[in-house]
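*Asks:* Based on what follows, work out the 3D shape:
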Amino acid sequence: MRDVPDLTAERRAEAIRSLGIMDSEDEVDFDEITAYAAEITGAPISLVTLVDTNRQWAKSAFGTGQRDYTMDESICSHGLTGPDFFEIEDTTRDPRTSENPLVTGPDAIRYYGGAILKLGREVPIGALCVLDREPRKLSEETKRLLVILARQVTRRMELRRALVVQETLAAEVDHRVKNSLQMVTGLVRIQRAQAQSEETREALSETIDRLSAISMLHAELHKVSARNEITLHHFLPDIIRHLERTLPPQLRIIRNFEAMQVPSEVAAALALALNEAVTNAVKHAFPGDRPGSVTVRLTALGDHGMLEIVDDGAGSARMVTDPARPTGLGRQIIDASVARIEGAIHRESGPDGTRIEIRFPLPKLDE
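*Replies:* Okay, here's the model as predicted:
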């Protein structure tokens with residue numbers, strides 16, 4: 001019998017399902033971690049595993065082509081309810097593994113060391129493990145490094161899950177916004193048709209035009225993922241013009257964009273990050289009627305681009321004391337958007353305002 005209670009197994013399986021990662025394609029982020037784990041331990045095999053209710057699957061495998069394992073072959077499952085690191089120095093001498101097919105078969109596994117993967121540092125779902133064909137024992141320092149790497153693995157998985165949730169919410173918001181804009185536009189058209197004065201009809205016509213512009217901009221933003229390449233220095237100003245309509249009169253947006261072509265997914269991610277950053281600045285950096293500005297710059301830096309959003313508002317005390325701490329849904333959306341395009345983000349804030357720098361890879365000229 002397994003030493004993992006059924007309730008724990010069900011909870012683990014639900015957590016794994018929530019990631020939407022089982023049987024997904026290879027990814028560089030995970031493959032780099034397994035390669036590094038093998039390097040620092042000198043082990044021939046390293047895996048990132050997920051232990052479901054009826055099988056174990058490797059999201060990344062270094063040193064072996066095997067990805068699927070039966071529960072009889074799973075060694076990771078024995079360590080899921082224990083401490084952060086699970087080690088069997090000689091699998092032939094441990095009753096939990098001595099009859100395991102991986103131990104009794106050809107190329108027998110004689111050593112197992114696994115740093116447990118825990119979602120939210122609470123729900124165990126698998127392990128970052130190293131395997132060897134000789135008995136051995138890892139140093140405490142090496143075990144600590146593997147635990148740190150395991151936390152990086154789970155953070156990447158949790159970020160993927162956040163992106164899936166974000167995309168689902170975005171689709172639902174898109175549907176509702178479209179319906180709402182169509183309904184409001186229809187009501188305004190009825191009012192225009194019933195208006196008695198020419199002045200009222202002209203005002204309502206202007207309102208319809210503005211609603212149509214917002215609707216087209218929203219549709220353009222939502223469907224960029226269907227296009228291969230976006231002229232970013234033309235696309236982002238559309239987002240800014242939409243944002244400017246929502247600004248209080250004492251605030252303004254200054255923009256300075258260099259010419260740049262990017263894949264559609266990069267444009268979509270940057271547009272989302274820009275929208276969240278400016279909205280957050282307007283909401284939090286300029287209390288009361290404080291005047292000010294938000295400057296948006298787009299710069300090409302060789303093989304990378306940089307999007308800067310800089311405000312001269314009140315600054316964020318929380319960002320000053322702990323700039324790495326994620327706070328607020330808006331900030332989490334920005335971080336997830338940047339991570340999605342393999343970018344990097346830097347923040348700094350003080351009494352003179354807040355600066356957000358987003359660096360993102362640019363396509364090679366010969367691609």
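*Asks:* Can you give me the domain boundaries for the chain?
*Replies:* Per the record, the chain has its domains at 6-161, 226-367, by automatic domain parsing.
*Asks:* Now mean pLDDT and distance to Ile190 too, for these, in JSON lines please.
*Replies:* Where you see a C-beta, it was placed from the backbone N, CA and C, and this is true even at glycine. Below are those laid out as JSON lines (pLDDT from 0 to 100; distance: least, C-beta to C-beta, whole Å):
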{"stretch": "domain 6-161", "mean pLDDT": "93", "distance to Ile190": "44"}
{"stretch": "domain 226-367", "mean pLDDT": "82", "distance to Ile190": "23"}
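*Asks:* where exactly do the helices run in the stretch 201-350 of the chain?
*Replies:* 232-244, 264-284, 317-321, 329-340 (DSSP state H, counting those that start in this stretch).
*Asks:* For Gln152, find the nearest of those helices.
*Replies:* Evaluated with C-beta to C-beta, the helices of the stretch 201-350 of the chain place helix 329-340 nearest to Gln152, the distance being 12.3 Å.
*Asks:* what helix or strand is the residue nearest to Arg12 when sequence neighbours are not counted on?
*Replies:* Among residues not flanking Arg12 along the chain, Ile125 sits closest, at 5.5 Å (C-beta to C-beta, 6 or more residues apart in numbering). Element membership for Ile125, per DSSP states H and E: strand 123-132.
*Asks:* could you say what helices and strands that strand packs with?
*Replies:* Here strand 123-132 touches helix 6-19, helix 28-41, strand 45-51, strand 111-119, helix 140-194, going by 3 or more C-beta pairs under 8 Å, 6 or more residues apart in numbering; DSSP states H and E.
*Asks:* Could you pull out the buried residues of the first one?
*Replies:* This means helix 6-19. By neighbour count with 16 or more other C-beta atoms under 10 Å, helix 6-19 contains the buried residues 9, 12-13, 15-16, 18-19.
*Asks:* contacting residues for Thr354?
*Replies:* 281, 285, 310-311, 313, 315-316, 319, 347-348 (C-beta atoms under 8 Å, 6 or more residues apart in numbering).
*Asks:* cool, Thr200 as well?
*Replies:* By C-beta under 8 Å, 6+ apart, the neighbours of Thr200 are Arg192.
*Asks:* That one and Val188: what is the separation?
*Replies:* Between Thr200 and Val188 the computed distance is 11 Å (C-beta to C-beta, to the nearest Å).
*Asks:* same thing with Leu274?
*Replies:* 29 Å.
*Asks:* Show me which of the two is the more surrounded one.
*Replies:* Between Leu274 and Val188, counting by other C-beta atoms under 10 Å, Leu274 is the more crowded of the two (23 against 16).
*Asks:* if we can go back for a sec, closest one to Asn179 among the domains of the chain?
*Replies:* Relative to Asn179, the nearest member of the domains of the chain by C-beta to C-beta is domain 226-367, separated by 18.7 Å.
*Asks:* what's the offset of the closest one from the middle of its chain?
*Replies:* Relative to the mean C-alpha coordinate of its chain, domain 226-367 is positioned 16 Å out (C-alpha atoms, centre = their mean, to the nearest Å).
*Asks:* Please apply the same query to stretch 43-59.
*Replies:* Counting by C-alpha atoms, centre = their mean, stretch 43-59 comes out at 22 Å from the chain centroid.
*Asks:* Likewise for stretch 148-161?
*Replies:* For stretch 148-161, the distance to the chain centre is 10 Å (C-alpha atoms, centre = their mean).
*Asks:* Need the CA coordinates for it. PDB is fine.
*Replies:* Below are the C-alpha coordinates for stretch 148-161, written out as PDB (Å, rounded to 0.1, in the frame of the first residue of the first chain):
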ATOM      1  CA  ILE A 148      15.700  26.000  -3.800                       C
ATOM      2  CA  LEU A 149      15.600  24.800  -7.400                       C
ATOM      3  CA  ALA A 150      12.300  22.900  -6.700                       C
ATOM      4  CA  ARG A 151      10.800  26.100  -5.400                       C
ATOM      5  CA  GLN A 152      11.700  27.800  -8.700                       C
ATOM      6  CA  VAL A 153      10.000  24.900 -10.500                       C
ATOM      7  CA  THR A 154       6.700  25.400  -8.600                       C
ATOM      8  CA  ARG A 155       6.800  29.100  -9.100                       C
ATOM      9  CA  ARG A 156       7.000  28.600 -12.800                       C
ATOM     10  CA  MET A 157       4.100  26.200 -12.700                       C
ATOM     11  CA  GLU A 158       2.000  28.600 -10.500                       C
ATOM     12  CA  LEU A 159       2.700  31.400 -13.000                       C
ATOM     13  CA  ARG A 160       1.500  29.200 -15.800                       C
ATOM     14  CA  ARG A 161      -1.700  28.600 -13.900                       C
END
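*Asks:* Okay, buried residues for it please.
*Replies:* Quick answer for stretch 148-161 (16+ other C-beta under 10 Å): 149-151, 153-154, 156-157, 159-161.
*Asks:* For these, work out which two are farthest apart.
*Replies:* Spatially, the most separated pair among the buried residues of stretch 148-161 is Leu149 and Arg161, at 19.3 Å (C-beta to C-beta).
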